[in-house]
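Trainee: I need the structure of the sequence given here:
(2 chains)
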There are 2 protein chains.
Amino acid sequence: MAHDIRIVTEAELRGALSLDLSTVDVIEAAFEALAGGTVVMPPILSMELEAANGEVDVKTAYIPGFDGFAIKVSPGFFDNPKLGLPSLNGLMILFSAKTGLVEAVFLDNGYLTDLRTAAAGAVAARHLAPAEVETAGVIGTGVQARLQMQAAHLVRPFERLLVHGRNPDHAKACAEDLKDALGIAVEVCSAEEVAARSQLVVTTTPAKEPVLTADMLHPGLHVTAMGSDQSGKNEIEPQALTAADLYVCDRVSQCEVSGELEAARAAGLMQDTPPELGDIIAGKATGRTGPEQVTICDLTGTGAQDTAIASHVIKLLGDAGTVIQA
Amino acid sequence: MAHDIRIVTEAELRGALSLDLSTVDVIEAAFEALAGGTVVMPPILSMELEAANGEVDVKTAYIPGFDGFAIKVSPGFFDNPKLGLPSLNGLMILFSAKTGLVEAVFLDNGYLTDLRTAAAGAVAARHLAPAEVETAGVIGTGVQARLQMQAAHLVRPFERLLVHGRNPDHAKACAEDLKDALGIAVEVCSAEEVAARSQLVVTTTPAKEPVLTADMLHPGLHVTAMGSDQSGKNEIEPQALTAADLYVCDRVSQCEVSGELEAARAAGLMQDTPPELGDIIAGKATGRTGPEQVTICDLTGTGAQDTAIASHVIKLLGDAGTVIQA
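Mentor: The predicted model follows:
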């Protein structure tokens, strides 16, 4: 039976939604819902295409009370830059949670994922970073390095920003972009200096060897590690997780297979079940208890965020998109 | 970076592809590829939406040598008929296997799934049914009951067809449709009679209690069970699997969690690893060895079939569809 399906392009989505506090609030609500125990979020479907140096992930979640649920497909093909194409792409599909009918297809090339991932960083900063953040830092120089710092600045309006990247040219370009975007002082420096001088650090790398080690922690530091999203990736030294006063997962079941918890568990550390970010938002677990604590938040990316951002953007689209009767 | 994505509706897909021998051959090739050991086919992502009496499955597979891979989303919302909507819906997305870019979105409402599922039944009949099938039977009266019999008739042009359904009106309607479609004699009768008089039987039900029991088997019978696709469904009595000379899975890892093998294993039977349909097509396992054997094939539906049908239909579309630059 034919029904209307709205097809929306990346340009149309960019016109409707940007990274602002309302986006952060939407993602915060998704994390809080995760703590309620009624969200249905199956394990990520993941497929490797070795011959093409590619992988594809599929995420979804049903959040009770939401009219729809999203299914998000994220391909990552790492030889694409040689062809002049971005590595990351994908789309999101919004379904009715009542009938299962397709309501909209968001041909976003990963834009909604970028936003909901950055917004999760802001949620982590809001609930775990010290109340006063004068200096923030980022280790990594890609799209998420930029977006994470813009998102964090919404909830912790820091005055100085430090950038570290393995490639000095990339670090410089990232620093310049962020200086323009935020209108604050931005410096390029070593990873050690980023950590030493910041109260809030976000790691945004695909590292397989830690870029932040236990000896770089200091009182009053919050770290959000958002780069690891596949088995074998590891941004934070396992000893740093035990050295911190508090280590928090977006979803424990994901962090132990594709986040920082994987390497820590493999090293025989962190055998207990850590709290989840949603538990802290909902007041079911204790967050930071003082300005001198060291906290770490591990973000692997959840289907609940995808359902939340897709359900949010559909309300902001107005007449944008192409309606197809299918 | 914007690129062209083709959006194709169910009506456009129906105009381009129907159930014929070329479709059967395409699906047979996908099964054969599965036997090669190089296909990447992750476990099905499955999410239950209990509040809406719904579920959604996501399937995919990468078949080496294919230019693209499909991701197929199949929602089933079983209260939909009360709203005048079909229970099953969904869409398929075709990605480049080289870059991961979205190439096409098939808004097929399950049409391509219907075809590739029926074609798999024909592949099973071609390789496992006796060479001579005079009478075929179907237990079940839905869309697949009709399509499975049409598909089977392509490879075993039987002269008589028997239909059984729990609801006599549905059985009568199904029989009349198949009489029109195939131009042969069709009768409605009991499940026992369907089995007793047929050389080829297909079960197409969502049964949780067996509709075909061991005492209904007889020499020279082939049974294809295609209804079970979720844990807890069971069309064939476990003892029938052991009583048969040969039991074949489309994919063992799926059949043991969502096919007929699940109930058999739970009953302590069928502890060995059965052969897969692709192994028999590829000559790596022995199929039927004589006209008097009893064979059973268990179809749960594979992502490889989805990738195959999506890769096939894209070549047949001509200019059909709406191209969107996204």
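Trainee: Could you find the closest non-adjacent residue to A:A35?
Mentor: A:G278 (3.5 Å; C-beta to C-beta, 6 or more residues apart in numbering or on different chains). To be clear about C-beta, it is placed using only N, CA and C from the backbone, and glycine gets the same treatment.
Trainee: Which of the helices or strands spans the one you found?
Mentor: helix A:277-281 (DSSP states H and E).
Trainee: Against which helices or strands is the very next helix or strand once past that helix packed?
Mentor: Using DSSP H and E, the helix or strand that follows helix A:277-281 towards the C-terminus is strand A:295-298. Judged by 3 or more C-beta pairs under 8 Å, 6 or more residues apart in numbering or on different chains; DSSP states H and E, strand A:295-298 is in contact with helix A:111-128, strand A:222-225, strand A:246-249, helix A:260-266.
Trainee: Distance of A:G287 relative to chain B?
Mentor: Distance, A:G287 to chain B, by C-beta to the nearest C-beta, to the nearest Å: 30 Å.
Trainee: Surely that residue touches A:D279?
Mentor: No. Under the criterion of C-beta atoms under 8 Å, A:G287 makes no contact with A:D279, lying 9.1 Å away.
Trainee: mean confidence for stretch A:65-72?
Mentor: Mean pLDDT, stretch A:65-72: 96.
Trainee: Provide a list of residues in contact with the nearest residue to A:D177 once chain neighbours are set aside.
Mentor: Leaving out its chain neighbours, the residue that sits closest to A:D177 by C-beta to C-beta, 6+ apart is A:R146, at 5.6 Å. Counting by C-beta atoms under 8 Å, 6 or more residues apart in numbering or on different chains, A:R146 makes contact with A:174, A:177-178, A:181.
Trainee: Tell me if A:R146 really is in a strand.
Mentor: No. Assigned with DSSP: H, G, I helix; E, B strand; the rest coil, A:R146 falls outside any strand and is helix.
Trainee: can you list the domains in chain A?
Mentor: A:4-112+A:304-325, A:121-301 (automatic domain parsing).
Trainee: how long is the last one from one end to the other?
Mentor: Length of domain A:121-301, first residue to last, C-alpha to C-alpha, to the nearest Å: 10 Å.
Trainee: Check stretch A:315-326 too.
Mentor: End residues of stretch A:315-326 are separated by 21 Å (C-alpha to C-alpha).
Trainee: what's the answer for stretch A:129-145, then?
Mentor: Stretch A:129-145: ends 17 Å apart by C-alpha to C-alpha.
Trainee: near chain B at all, it?
Mentor: No. Shown here: stretch A:129-145 not in contact with chain B (C-beta under 8 Å from any C-beta of the partner chain), separated by at least 13.1 Å.
Trainee: any idea of the pLDDT on the most centrally placed residue in chain A?
Mentor: For chain A, the residue sitting closest to the mean C-alpha position, by C-alpha atoms, centre = their mean, is A:T117 at 2.8 Å. pLDDT, A:T117: 98.
Trainee: and A:R14, helix, strand or coil?
Mentor: Strictly by three-state DSSP, A:R14 counts as helix.
Trainee: who's in contact with the closest residue to it other than its chain neighbours?
Mentor: Spatial nearest neighbour of A:R14, excluding adjacent residues (C-beta to C-beta, 6+ apart): A:Y111 at 6.3 Å. For A:Y111, the contact set (C-beta under 8 Å, 6+ apart) comprises A:10, A:13-14.
Trainee: do A:L112 as well
Mentor: Taking C-beta under 8 Å, 6+ apart as the test, what A:L112 contacts is A:13, A:17, A:72, A:92, A:106, A:306, A:309-310, A:313.
Trainee: give me the low-pLDDT residue ranges for the stretch 1-150 of chain A?
Mentor: A:1 (pLDDT under 70).
Trainee: What ranges does it have for its strands?
Mentor: Assigned by DSSP state E, counting those that start in this stretch, the strands in the stretch 1-150 of chain A fall at A:4-9, A:45-49, A:54-61, A:68-77, A:91-96, A:102-107, A:135-139.
Trainee: likewise the stretch 151-300 of chain A?
Mentor: A:160-164, A:185-188, A:200-203, A:222-225, A:246-249, A:295-298.
Trainee: Tell me how many other residues surround the residue in the stretch 101-250 of chain A positioned nearest to chain B.
Mentor: Relative to chain B, the nearest point of the stretch 101-250 of chain A is A:L107 (3.5 Å; C-beta to the nearest C-beta). For A:L107, the neighbour count with other C-beta atoms under 10 Å in any protein chain shown is 26.
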